[in-house]
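[1] Provide a 3D model corresponding to the input given below.
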Amino acid sequence: MAPLSDFSRLIRSRGVVGAGGAGFPSHIKASAQARTVLVNAAECEPLLQKDREILTHFASDVIRGLELLMAATGASQGVIAIKEKHAGLVANLRRVLASKKNLRVHALGDYYPAGDEFCQVYEATGNLIGMGGLPLQAGVVVNNVETVYNMAHARTTPVVDTFLTVAGAVRKPCTLRLPVGTAMADAVALAGGATVRDCVALDGGAMMGRVRDDFSQPLTKTSGGFILLPRSHPLVLRKAAGRVVFDRAGKSTCDQCSLCTELCPRYLLGHDVQPHKVMRGLLFSGSDRKTWSHWSLLCCECKLCSLYACPENLNPGDICAAAKRDLAGENVSWSNSPLNRGLSPRAHPLRSWRRIPTSALTARLGLDDYAVEAPLRPQPYEPSMVRIPLKQHVGAACRPCVSKGQSVRRGDLIADLPEDQLGAAVHASMDGRVTQIQDFIEIQSSQRELT
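    Now for the predicted structure:
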């Protein structure tokens, strides 16, 4: 691993990771050289709005973090990409940035998945990322709003809180700022509690989130929000179905209409991903099936094909994801796939007319009744206990540097790993005493302040 700059070393030691996805350690991106830094504020998952709330209440912090990242990467341009439908917020950001010649706002359409970084780089810069490539190959570093906010505070405060939206079947949908390691159940209680008896959470959103029914699970640095729904909701039932179910249904029912491909956002950017051909592969076995599976390798797993495009309510998205995992187990990737002919992508001429409005998607998902505002509740909250996972990021799990029974203060380093390993440090999110160390560190509060 290349030596880190002072800023990269700082944000690594402060535990900054990508707050909008898998938790990729942010110091890696900060060590790159780029022409443009892009702040992803699209927030295209229906019902979630924590990034919008951060920009509404802490715009100056986000801008400061953006400028720090630009300085670290040598970028000459900084862009905040946000949906144009948030007219008041867009106008305020443009007013604030008017005096900064190298910063601008790019207004996005209200479609899904506007937050996909390949779509966003193309929209904001006009540059297409190559097949199997990364934004950096187009000269762009992309970071989530909360990630950049955390960078702005890194000199004084490590990442000990997470912003998240609690939406769906709760009495008071809201956006919260909670200590990392807080139980999901506490977040539900702060949102007024569930309005249905038997509910589950779509952790991460309706489209790309996972079904959770254990509300004792902790919030992490990457927790952007969850949607409570009745266990019997059609969306929950679809997302909970296993591979045997969706493979059997796809094999028997797919009529090869190709709508899954024609509406695929990566296909519309000119990438060689064709879900309908992966579905065709369900009719084969062995090496023949694997041949068709290669058409899944560039899938971004946005699930638009499964939850909107398919007229038969089949699941090409999960079938593509499973095919990718199978190929990865055989060390097959786009770089060594026979489909990779080294071609440059060209955006589809009908791309603008095939984008799916978020409102139409929300209706198709059966979420219209829950489509309400979830404003930020700024009051501080200290739980009675937190369980802070040692692995909240891409890379290796951190190693504890505290012991059971030890007293810790909020912001203290409690787990780390050597600089030559991919990861980011972990810190205590409240004052208290360490009571358990497993694949998490449990801290009991020294005093609880009810709010």
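
[2] tally of neighbours for K251?
    Other residues within reach of K251, judged by other CB atoms under 10 Å, total 16. Backbone N, C-alpha and C define where each C-beta goes, glycine included.

[3] equivalent analysis for G139, please.
    18.

[4] go on, E442?
    Residues lying near E442 (other CB under 10 Å) number 18.

[5] and D431, by the same measure?
    16.

[6] partner residues bridging the residue lying closest to R355 once chain neighbours are set aside?
    Spatial nearest neighbour of R355, chain neighbours left out: Y111 (3.9 Å); criterion: CB to CB, 6 or more residues apart in numbering. Counting by DSSP bridges, Y111 forms beta bridges with P357.

[7] what sits against Y111?
    If a contact means CB atoms under 8 Å, 6 or more residues apart in numbering, then Y111 has C44, R355, I356, P357, T358 as its contacts.

[8] closest to R238 among the residues you listed?
    I356 (17.2 Å; CB to CB).

[9] if I look at that closest one, how far off is Q436?
    45 Å (CB to CB, to the nearest Å).

[10] more crowded one of the two?
    I356 (18 against 12).

[11] and the pLDDT for the more buried one?
    I356 carries a pLDDT value of 98.

[12] again with the one 4 residues further on
    According to the predicted model, the pLDDT of A360 comes to 98.

[13] what about it, how many neighbours?
    A360: 12 neighbours (other CB under 10 Å).

[14] same check on D247?
    So D247, with other CB under 10 Å, has 15 neighbours.

[15] returning to that earlier point: from the contacts of Y111, which is closest to T182?
    With CB to CB as the yardstick, the closest approach to T182 among the contacts of Y111 comes from C44, at 25.6 Å.

[16] correct me, but the closest one touches Y112?
    Yes - with contact defined as CB atoms under 8 Å, C44 counts as touching Y112 (4.8 Å).

[17] just the CA trace of the longest helix along the chain, in CSV.
    Across the chain, the longest stretch assigned as helix under DSSP state H is helix 50-73. C-alpha atoms of helix 50-73 as CSV (Å, rounded to 0.1, in the frame of the first residue of the first chain):
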residue,chain,number,x,y,z
LYS,A,50,-30.6,11.8,5.7
ASP,A,51,-28.2,13.4,3.1
ARG,A,52,-30.7,16.1,2.3
GLU,A,53,-31.1,16.8,6.1
ILE,A,54,-27.3,17.0,6.5
LEU,A,55,-27.1,19.5,3.6
THR,A,56,-30.0,21.5,5.0
HIS,A,57,-28.5,21.9,8.5
PHE,A,58,-24.8,21.5,7.9
ALA,A,59,-24.1,22.8,4.4
SER,A,60,-21.0,24.7,5.5
ASP,A,61,-19.4,21.5,7.0
VAL,A,62,-20.0,19.6,3.8
ILE,A,63,-18.5,22.3,1.7
ARG,A,64,-15.5,22.5,4.0
GLY,A,65,-15.0,18.7,3.7
LEU,A,66,-15.3,18.9,-0.1
GLU,A,67,-12.6,21.6,-0.2
LEU,A,68,-10.3,19.5,2.0
LEU,A,69,-10.8,16.5,-0.3
MET,A,70,-10.1,18.6,-3.3
ALA,A,71,-6.9,19.8,-1.8
ALA,A,72,-5.8,16.3,-1.0
THR,A,73,-6.6,14.9,-4.5
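
[18] immediately after that helix, which helix or strand?
    strand 77-83 (DSSP states H and E).

[19] now do that next one: which elements does it pack against?
    Here strand 77-83 touches strand 36-40, helix 50-73, helix 87-97, strand 103-108, helix 117-125, going by 3 or more CB pairs under 8 Å, 6 or more residues apart in numbering; DSSP states H and E.

[20] residue with max distance from the center of the protein?
    Ranked by distance from the centre of the chain (CA atoms, centre = their mean), the top residue is G405, with 34.7 Å.

[21] output the below-cut-off pLDDT ranges for the protein.
    1-4, 448-451 (pLDDT under 70).

[22] and for R35, the neighbour number?
    16.

[23] and if you look at the one 3 residues further on?
    L38: 26 surrounding residues under other CB under 10 Å.

[24] wait, it touches Q120, no?
    Yes - using CB under 8 Å, L38 is in contact with Q120, at 6.5 Å.

[25] now the common contact residues for those two.
    Joint contacts of L38 and Q120 (CB under 8 Å, 6+ apart) are A81, V142.

[26] with adjacent residues omitted, what lies nearest to T253?
    E312 (5.2 Å).

[27] I should have written R171 there, sorry.
    In space, R171 is closest to G192, 3.0 Å off (CB to CB, 6+ apart).

[28] residues touching that neighbour, list them.
    V170, R171, K172.

[29] by neighbour count, which of the residues you listed wins?
    Going by other CB under 10 Å, V170 tops the contacts of G192 with 24 neighbours.

[30] secondary structure class for the residue nearest to P234 when sequence neighbours are not counted?
    Once flanking residues are discounted, P234 sits nearest to G366: 5.7 Å by CB to CB, 6+ apart. Secondary structure, DSSP: H, G, I helix; E, B strand; the rest coil: G366 is coil.

[31] what's around G366, how many residues?
    Residues lying near G366 (other CB under 10 Å) number 14.

[32] distance check, it against G74.
    When G366 is compared with G74 (using CB to CB), they lie 47 Å apart.

[33] now, which of the contacts of Y111 sits nearest A241?
    Within the contacts of Y111, proximity to A241 (CB to CB) peaks at I356, which comes in at 22.2 Å.

[34] is it correct that the closest one is in contact with A114?
    No - between I356 and A114 there is no contact under CB under 8 Å: 10.1 Å.

[35] kindly indicate whether the residue nearest to G209 when sequence neighbours are not counted is helix, strand or coil.
    Among residues not flanking G209 along the chain, L202 sits closest, at 4.1 Å (CB to CB, 6+ apart). Under three-state DSSP, L202 falls in the strand class.

[36] wait, a helix at the residue nearest to R171?
    No - looking at G192 with three-state DSSP, it is coil, so not inside a helix.

[37] measure it to K172 for me?
    On the measure of CB to CB, G192 and K172 end up 4 Å apart.

[38] can you check G78 too?
    35 Å.

[39] same deal with R64?
    31 Å.

[40] quick check on R325: phi, psi?
    phi -60, psi -40 (degrees, to the nearest 10).

[41] tally up the residues packed near it, please.
    For R325, the neighbour count with other CB under 10 Å is 12.

[42] of the contacts of Y111, which is the most crowded?
    So for the contacts of Y111 (other CB under 10 Å), the most neighbours sit at C44, 24 neighbours.
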